[in-house]
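S.K.: my questions are about this predicted structure, shown below with the sequence.
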Amino acid sequence: MTTDTLALARQQLLAPAGLGEDALHRTLACLLGHAIDGGDLYFQQRRAESWGLEDGQVKNASHAIQQGVGVRATSGEKTGFAYSDEIVLPALLEAATAARAIARDGGDTRLQVWRSAQRLALYEPLDPLETLSADAKVSLLEAVDAEARRQDPRVTQVMVSLAAVRDTILIAGSDGTLAGDVRPLVRLNVSVIVEHDGRREQGGSGGGGRVGYGWFLDRDRALGHAREAVRQALINLEAVPAPAGTMTVVLGPGWPGVLLHEAIGHGLEGDFNRKGTSAFSGRIGERVATSLCTVVDDGTLASRRGSLNIDDEGTPTQCTTLIERGVLKGYLQDKLNARLMKTAPTGNGRRESYAHLPLPRMTNTYMLPGEHDPAEIVASVERGLYAVNFGGGQVDITSGKFVFSASEAYLIENGRVTRPVKGATLIGNGPDVLTKVSMVGNDLKLDAGVGTCGKDGQSVPVGVGQPTLKIESLTVGGTQA
Amino acid sequence: MPEAIAPTIAPMPARERLETLIADILAEARVQGVTAAEAAVSFASALSVTVRLGEVETLEHHRQRGLAVTVYFGQSRGSASTADWRPEAIRDTVQSACAIARHTAADPYAGLADPERLAREIPDLDLYHPWALSAEEAIDLARECEAAALALDPRIRNSEGGSVATRAGLVMYGNSHGFCGGYPTTRHSLSCSVIAQDAEGMQRNHWHTVARDRAELETPVAVGQKAGRRALRRLGSRRLGTRQVPVLFAPELARGLIGHFIAAIRGVALYRKSSFLLDRLGTPVFPDFVTLRERPRLPKALGSAPFDSEGVATADRDVVSDGVLRGYVLDSYSARRLGMQTTGNAGGTHNLIVEPGSLGQEELLRQLDTGLWVTELLGHGVNLVTGDYSRGASGFWVEQGQVRYPVHEITIAGNLNDLFRGVVAVGADVDMRGGIRCGSLLLERMTVAGE
C-alpha cells in the first residue's frame, strides 16, 4: 500500500480550515517562545457509529463525529496541555498560549525542519463506516441473532452490537515530526443469556480489527461469534462453584494473554519506571521469568486492533522485546519518558483523543510460543484449574499485584479436564508470576480483537496473545474453600 | 503579560446560547420530517494540575462541547452527536440521526418521556459554585497537599503527585413536547497518591476530596496526610490462608457494593432478564434494618439533579425499606417494557443514601471480632446475571476486634444475593464523596482465597 496517509490527513484536517504548514509553524513557534523544550500539535477527526440489536431487531443506532486539536508543551518533566474542538488558527494560538504557561523564563528552542519518518502500511486508510450499506449492517446483525437462537432452545436473549471508527490524525512536532495516519477499526460483539430450570447464565464473544466490515462476512466470522457466545453460556449452565486457594493453573491460548498485559506490560511502561513507582523499576537485566518466557509488545502486526502505523506522537511502531528468555529487556516509551530516561521512544506514545495527553501504552502484547503440545501440558497437571476465557483484569503497578477474571474455566483432575467451574478471579504478583511458568505451548494465538485498556481515565484499543501456559502456582478466587 | 501563567478556566457560554441551539436542533428535525425529537447540548471547562515531588508535572486546560440528538419517525429512532455547534453541523447531525432512524426497526416502547412526567418547575439545587482558581494557586494547593504526605514519614519516598482540579459545566436538554431545561454545575477536587517503601517493597495509596463548593473540600494537608497514612499502613502486608470469614467493607468500597445492587435493578438488566435480582420487587433483599433512599434534590449534593436526562422530574423515594425492594431504577423506555412507570432515572440515579447505623469504625471492628477488613479492591469480577462476586482485595486481618497486620494478594468471593442478605451492620461512618452515600458494611461471611 502506497497511499499517502499524511496527504489524506492534511486534506481532511487542515484544508477545510485553510491551514497550511505556515500555520503549523506559527503555532509551534508561539508554543516554543518560553523555555519550552518541545511541543506538538495533534489534529484529529473521529467518525464513529454503532448499531445494536436486541429482541431480534435493530432498534438503536448512533453516529458521532468528534474533532479537535490538542496542543502540548514540555519543559523538563513538566507538561502543559490545552485543546480546542475548533480547528482554526485563532483557537490553535489560544491553546498554544495556555499550554506554554508551564514555563516562565525565556528560552531558545528552535523548530526543526519537517521530516517524515518511514511509513508502515499495516492497514488500509479506509472509512469502515462506508464499507457496508445500512441495510447490510442490519441484515448482518439479524443473521448473527438468528444463528445464536438456532443453536439451542435455552437461549432467551441475544444482544449484538456492531461498531466502527475511523480516526484521521495529523501530528506536527517541534522536533520536526510531521506525520499522518488514517485508522479504521471495527468490532462485533455478541452476548447471550441462556436459561434452564430457573438458572440463568451468560456467554459472550466478539472480535474485530483495523479492517472494513467485510471482515465479519469473510470466513463466517460473525456467525462464529454467535455460536461461540452460546457455547460459553451453555457451559456456564453446567458450572459448579470454583475452588478457592493456590493451585496449578493452565491458561489457554489467545485472550488469556491478558495475564501478560496486567502482570507484565503495565509495569514496564516508561512513565512508571522513570518515576520509580513500578514493581519492575530498575530491574532491566534481571531474571523475572523462567527461560521459557519471551514476551514482546508489537505494534506492527497487520490489521490488528492494537496495531498502529505510527503512535500518537508520530513515532513508527515497532516490536519491542520486554522479556527475553526470562530476562527483563526493555520498557515501553513515549517521547517524554524516553527523553527523561535518555533512551529512544519505542512507538508506544498513545492517547485516547486530542483532548488527552499521550502516555506510554501497550499495543499488541504477547508471549512467543514454546515447544509443548497443549494436550501434554494439561496431562501433566494432577489437580488444578484450566482457564480458557477471561473478562478484564487490573494491576497495582507499585505493589505488582494483579488480577484477571476467568469467564470460562474447568477443573483439571488427574491430567484430565473435567467439570466446568464458575468464573473466578485469579490473583498474583507481576514480578514473580512468570518465574512459575513451567511449560509453554506451541500454540501461540492472538485474541480476536476485543481488548480495551484503561489508564489514567484514557481508553485505547489493544491486543494480547499467548500460547498455552502452565503456571505452577497461582491463587484462584473461588468460593469453595 | 506573557510571562504569567494562564488564568483560571474558560468562561461558560450564556444559557440562552444553549437554549437557542436546542431550539435550532428541534427546528431542523421538524424540517427533516421527524415525528418527535430530543436534544442535549453541553459545555464544560476545567483546569487540572498535578505536582510531583514538588514540581509541576502537568497543567491541563479542558474545554469541551457536546451536541446530541435523537429523532423518531413513528416508533423508529436514530441518534447522532458532534462537538460542532455551527448551523451546518447541526443540519448534518440531524441528517445522520434521520438516516439511521430510517433503518432501525419500529419499537413500540420507544419515544420521548410522557409529557405529564416532565419537570414543570426546575428548582435551583445550588449546584454551581465556580472557583476562580488560577493555575498558580492550583499549583500551590497541589504542592501543599503532596508535601503534607511526604513530610509524614521518611518511609514515604516517592509520589505520583498531588492534584487539584476544578470543572464547571452547563447542560441543556429539550424535546418536541416543548420541554427545555438546563442548569450549571461545578465540581472541584483535590487528590494525592504517594508511595511508602521499606525493605520488603513499595505500597501505594491515595485519598481524594470532591465537592460542588470548594468550601466543602477537605484541606490539602488533610488529604495529603490521609494518603500518606493509607500508604504507610499497607507496609508489611502479608498473605492469608484460604478460609471463610466475616468481612468489613470500608465505606468507600461499601458504596461499590450498593452500586452493584443498583446495576442489578436497572430496567435494562430486568427486561433483558440478565439480573440476579429479577422478579424480586416487594421481597426482602437485605435484612430488615437496611433502608436505601433516593434523594435527588439535596442542595449542593454531588448526585443531585432536578430532572433526569429525558426531562422527567426527579422525586424522593425509597428503593429499599425494611430490607424489602420497593422500586426499580427505570427510564421511560425500560418502564414501558416492564409495564411500569419511569422512576426518573434516565442517565442514572441521584443521591442514593443507605440509612446509617449507629456504629463507628472502631465499634464495627469489635463487632467483626475476627475476620477481614477490606480497604481496597482490584479487578471487575462481578457477574450481574448470577450475582457471582470474586475480586482481588487488600486490607487488614483483625482478631478480637484488633487490627493485627495488613494483608494483600488475596481474593474475596461470594454471591451478591447472599452477601446483601448477610449484611450484619451498616456503619455510621458515611462516605459523602459521590452519588452513593454509605457507611461501612459488615458482611456475615465471604470466602477468602490466598496461600
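M.R.: Now that the structure is in, tell me what you want to look at.

S.K.: what does the stretch 101-250 of chain B have sitting close to chain A?
M.R.: Taking C-beta under 8 Å from any C-beta of the partner chain as the contact definition, the stretch 101-250 of chain B meets chain A at B:102-105, B:107, B:110, B:135, B:158, B:160, B:195, B:201-204, B:234, B:237, B:242-244. Where you see a C-beta, it was placed from the backbone N, CA and C, and this is true even at glycine.

S.K.: now stretch B:417-429: average pLDDT?
M.R.: Averaged over stretch B:417-429, pLDDT sits at 98.

S.K.: tell me which residues touch the residue lying closest to residue B:21 once chain neighbours are set aside, please.
M.R.: The shortest distance from residue B:21 to any non-neighbouring residue, by C-beta to C-beta, 6 or more residues apart in numbering or on different chains, is to residue B:41 (4.8 Å). Residue B:41 is in contact with B:18, B:21, B:22, B:25, B:65, B:66, B:67, B:68, B:85, B:171, B:172, counting by C-beta atoms under 8 Å, 6 or more residues apart in numbering or on different chains.

S.K.: now a PyMOL select for only the buried ones of the residues of the stretch 101-250 of chain B next to chain A.
M.R.: Of these, the buried ones go into a single PyMOL selection, burial set by 16 or more other C-beta atoms under 10 Å in any protein chain shown:
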select buried, chain B and resi 103+104+105+107+110+135+158+160+195+201+202+203+204+234+237+242+243+244
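
S.K.: the residues of the stretch 101-250 of chain B next to chain A in helices, which ones?
M.R.: residue B:135 (DSSP state H).

S.K.: below-threshold pLDDT in chain B: ranges please.
M.R.: B:1-8 (pLDDT under 70).

S.K.: what residue in it comes nearest to chain A?
M.R.: residue B:411 (2.7 Å; C-beta to the nearest C-beta).

S.K.: for the residue lying closest to that residue once chain neighbours are set aside, give the beta-bridge partners.
M.R.: Sequence neighbours aside, residue A:477 is the residue nearest to residue B:411 in space, at 2.7 Å (criterion: C-beta to C-beta, 6+ apart). Assessed by DSSP bridges, residue A:477 has beta-bridge partners residue A:244, residue A:425.

S.K.: how about the CA coordinates for stretch B:166-175, as CSV?
M.R.: In CSV, the C-alpha atoms belonging to stretch B:166-175 read as follows (Å, rounded to 0.1, in the frame of the first residue of the first chain):
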residue,chain,number,x,y,z
THR,B,166,-11.9,22.4,39.0
ARG,B,167,-14.7,22.0,36.5
ALA,B,168,-17.7,24.0,35.5
GLY,B,169,-20.4,22.8,33.1
LEU,B,170,-23.7,23.6,31.7
VAL,B,171,-26.1,21.0,30.3
MET,B,172,-29.3,21.8,28.5
TYR,B,173,-32.0,19.3,27.4
GLY,B,174,-35.1,19.9,25.3
ASN,B,175,-37.6,17.8,23.4
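
S.K.: return the set of buried residues in it.
M.R.: Quick answer for stretch B:166-175 (16+ other C-beta under 10 Å): B:166, B:167, B:168, B:169, B:170, B:171, B:172, B:173, B:174, B:175.

S.K.: again with stretch B:347-354
M.R.: B:349, B:350, B:351, B:352, B:353, B:354.

S.K.: off-centre distance for the helix or strand encompassing the residue nearest to residue B:21?
M.R.: Using DSSP states H and E, residue B:41 falls within strand B:36-52. Remark: strand B:36-52 is offset 16 Å from the chain centroid, using C-alpha atoms, centre = their mean, to the nearest Å.

S.K.: partner strands of it, parallel or antiparallel?
M.R.: When DSSP bridges is applied, strand B:36-52 pairs with strand B:55-73 (antiparallel), strand B:156-175 (antiparallel).

S.K.: turn these into CSV, columns for distance to residue B:434.
M.R.: Shown next, in CSV, are those (distance: least, C-beta to C-beta, whole Å):
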stretch, distance to residue B:434
strand B:55-73, 21
strand B:156-175, 15
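
S.K.: residue contacts, residue A:5?
M.R.: By C-beta under 8 Å, 6+ apart, residue A:5 lies in contact with A:119, A:125, A:180, A:181, A:182, A:309.

S.K.: please redo it, this time with the cut-off set to 10 Å
M.R.: A:119-121, A:124-125, A:168-170, A:179-183, A:309-310 (C-beta atoms under 10 Å, 6 or more residues apart in numbering or on different chains).
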